[in-house]
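S.K.: what follows is a protein structure lacking sequence information:
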């Protein structure tokens, strides 16, 4: 025999239950005895036989207590809805289909505090809003399936409550409208924010792609070509733990090469110097304050190796520069001026890729090509150049530049309209402005904070530091080149690039 249990959460709702079910519900509500453990509902399809335990969070209990209940009729539905707690989302396996806890159909997610399909979600919402009265024509314990869920609405609604669906989670029409308006407003704000966010134009993306390709073609991270240089000789090396860091370091490895003369024998194809190759200039020895300095030539054991390395690096700078968008639009004279004046600066920039702050050295493959301060001094350079160079390399390393930013900085360094001897400064400036705008836009839209804070200004400051390093290098080179025994160990390309007064 069945009886009707009136459920307060839904005024006027009648659900048929058995006497035993009603007794269990009353015991649960009155708390006269320890409530029986609520049944656990297992649904096939959840990993580890996913269980919805009949326990409710304190928030849910407070929500239920806040619902107006007749003092004379404790709610059996409240007892049944005391609930299915929300499962941990981590318990779900995305590859296992979710099953509706009411009818066994495929679930679309959590609706009103329970995992259900769209059909049962809509049925529960409509029933609650209409305050519907359902009566089971059978024994109040119908088995609800996908196929028969329309046959007994009373048992279907009872099943909804049993698995924890709650009417308090149903939004009113006003709330639904407000929610829609909020979603629409959020979308409009996102669209406005997206429209105001800086974006790289197609032209800027093309520039970055070209420079990245140029960099990859002109830089060999294996340093395989180093074995073709005259071997490094470290006789009489001071074993003291000096900070290390050569000025000469690698530039890109590429197909660009210089005239094959002297120790430039490792060049792969001289034609890449055309049309940006350097003319054969008469190198005049001019008086210098450094000319009176005498070098201990017996201590310059690394000079031949480093001369080859610098000559090789200059070739790679030329190869990279020729691929900068707009560079070939310049006259050959301006191309030569820009390359001569910026070569050592770009070499210093490129060397940062192999610089390590652990021991302040540059490691280029094998231990033979790990360069330290002692190696640079054995090539004729002093700490007046090396110390600020180390400081520059550390500062540049700490900027954590993206590869895109690095190649743009090198291109901006090369295409500088204020280099002495530039004829068409307006065209050079236009090319540099295009590169600078691309760099600034890239930083704004692609470099996340806090690293992007004042990053562009810091990068431009590095270019100013390079000018000072370039000036000191020129002084020390002149002192070195005035010694006939030293100049004989240099390559023709090194003599031509660093032998003029352009820089």
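M.R.: Perfect, I can see it now. Every value quoted in this text rests on a predicted model; they were computed, and no experiment measured them.
S.K.: rest of the way, CA atoms for contacts and neighbours
M.R.: OK.
S.K.: so which bits of the lengthiest helix in the chain are buried?
M.R.: In the chain, assigned by DSSP state H, the helix with the most residues is helix 455-481. Neighbour counts using 16 or more other C-alpha atoms under 10 Å place 455-456, 459, 462-463, 465-467, 469-470, 472-481 of helix 455-481 among the buried residues.
S.K.: show me where the stretch 101-250 of the chain has its strands.
M.R.: 109-111, 114-116 (DSSP state E, counting those that start in this stretch).
S.K.: for residue 178, which of these is the nearest?
M.R.: strand 109-111 (18.9 Å; C-alpha to C-alpha).
S.K.: which residue ranges of the stretch 51-200 of the chain form helices?
M.R.: Secondary structure of the stretch 51-200 of the chain (DSSP state H, counting those that start in this stretch): helices located at 58-65, 76-81, 118-130, 153-162, 173-196.
S.K.: between these, which one is nearest to residue 364?
M.R.: The nearest among the helices of the stretch 51-200 of the chain, by C-alpha to C-alpha, is helix 173-196 at 43.2 Å.
S.K.: how about the residue lying closest to residue 303 once chain neighbours are set aside, what does it touch?
M.R.: Using C-alpha to C-alpha, 6 or more residues apart in numbering and skipping the chain neighbours, the partner closest in space to residue 303 is residue 379 (4.2 Å). By C-alpha atoms under 8 Å, 6 or more residues apart in numbering, the contact list for residue 379 reads 299-304, 306.
S.K.: give me the secondary structure label for residue 379.
M.R.: What DSSP: H, G, I helix; E, B strand; the rest coil gives for residue 379 is coil.
S.K.: which phi and psi does residue 334 have?
M.R.: Dihedral pair for residue 334: phi -70, psi -40, per degrees, to the nearest 10.
S.K.: what helix or strand does the closest residue to it other than its chain neighbours sit in?
M.R.: Nearest in space to residue 334, with sequence neighbours left out and distances taken as C-alpha to C-alpha, 6+ apart, is residue 422 at 5.5 Å. Counting by DSSP states H and E, no helix or strand carries residue 422.
S.K.: and residue 422, its phi and psi?
M.R.: Phi and psi for residue 422, reported as degrees, to the nearest 10, are phi -70, psi 130.
S.K.: my guess is it contacts residue 331. True?
M.R.: No: Residue 422 is beyond contact range of residue 331, at 9.8 Å (criterion: C-alpha atoms under 8 Å).
S.K.: neighbour count winner among those two?
M.R.: residue 422 (19 against 15; other C-alpha atoms under 10 Å).
S.K.: for this protein, what helix or strand is lowest in average pLDDT?
M.R.: None of the helices or strands of the chain scores lower by mean pLDDT, DSSP states H and E than strand 51-52, at a mean of 34.
S.K.: out of the helices of the stretch 51-200 of the chain, nearest to residue 446?
M.R.: helix 173-196 (13.6 Å).
S.K.: which helices and strands does that closest one pack with?
M.R.: Applying 3 or more C-alpha pairs under 8 Å, 6 or more residues apart in numbering; DSSP states H and E, one finds that helix 173-196 contacts no other helix or strand.
S.K.: which strand or helix spans residue 437?
M.R.: With DSSP H and E as the test, residue 437 turns up in helix 425-446.
S.K.: what's in contact with that helix?
M.R.: By C-alpha under 8 Å, 6+ apart, the list of residues contacting helix 425-446 reads 197-200, 204, 207-208, 325-327, 330, 405, 408-409, 411-412, 415-418, 452, 455-456.
S.K.: swap the cut-off to 7 Å and go again
M.R.: 198-200, 204, 326, 405, 408, 412, 415-417, 452, 456 (C-alpha atoms under 7 Å, 6 or more residues apart in numbering).
S.K.: quick one: which of those residues is most hemmed in?
M.R.: residue 415 (27 neighbours).
S.K.: wait, what's in contact with that one?
M.R.: 338, 428, 432.
S.K.: okay, the residues you listed in JSON lines with neighbour count, distance to residue 158 and pLDDT next?
M.R.: JSON lines is the format used below for the contacts of residue 415 (neighbours: other C-alpha atoms under 10 Å; distance: C-alpha to C-alpha, whole Å; pLDDT from 0 to 100):
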{"residue": "338", "neighbour count": "26", "distance to residue 158": "83", "pLDDT": "97"}
{"residue": "428", "neighbour count": "24", "distance to residue 158": "80", "pLDDT": "98"}
{"residue": "432", "neighbour count": "23", "distance to residue 158": "74", "pLDDT": "98"}
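S.K.: which of those residues lies closest to residue 147?
M.R.: Of the contacts of residue 415, the one sitting nearest to residue 147 (C-alpha to C-alpha) turns out to be residue 432, at 71.5 Å.
S.K.: that closest one and residue 409: what is the separation?
M.R.: Going from residue 432 to residue 409 by C-alpha to C-alpha, to the nearest Å gives 10 Å.
S.K.: go on, residue 332?
M.R.: Taken as C-alpha to C-alpha, the span from residue 332 to residue 409 is 22 Å.
S.K.: and those two? which has more neighbours close in?
M.R.: Each of residue 332 and residue 409 has its neighbours counted (other C-alpha under 10 Å); residue 409 has more, 22 against 16.
S.K.: which SS class is the more buried one?
M.R.: Once three-state DSSP is applied, residue 409 turns out helix.
S.K.: contact partners for residue 323?
M.R.: residue 214.
S.K.: quick check, it in a helix?
M.R.: No: counting by three-state DSSP, one finds residue 323 to be coil, located in no helix.
S.K.: listing request: residues of the chain with sub-threshold pLDDT.
M.R.: Scanning the chain for pLDDT under 70 picks out 1-95, 235-298, 500-503.
S.K.: just to revisit the earlier point, and of the strands of the stretch 101-250 of the chain, who's closest to residue 321?
M.R.: Closest among the strands of the stretch 101-250 of the chain, once you apply C-alpha to C-alpha, is strand 109-111, at 57.3 Å.
S.K.: the residue nearest to residue 334 against residue 335, yeah?
M.R.: No: counting by C-alpha atoms under 7 Å, residue 335 is not a contact partner of residue 422; they are 8.7 Å apart.
S.K.: circling back: how far away is the residue nearest to residue 303 from residue 373?
M.R.: Taking C-alpha to C-alpha, one finds residue 379 at 10 Å from residue 373.
S.K.: same thing with residue 105?
M.R.: Taken as C-alpha to C-alpha, the span from residue 105 to residue 373 is 74 Å.
S.K.: between those two, which one's more packed in?
M.R.: A direct count of neighbours by other C-alpha under 10 Å for residue 105 and residue 373 places residue 373 higher, at 24 against 19.
S.K.: by contact count, what packs against the helix or strand hosting residue 345?
M.R.: Taking DSSP H and E as the criterion, residue 345 maps to helix 332-351. Packing partners of helix 332-351 (3 or more C-alpha pairs under 7 Å, 6 or more residues apart in numbering; DSSP states H and E): helix 303-321, helix 403-414, helix 455-481.
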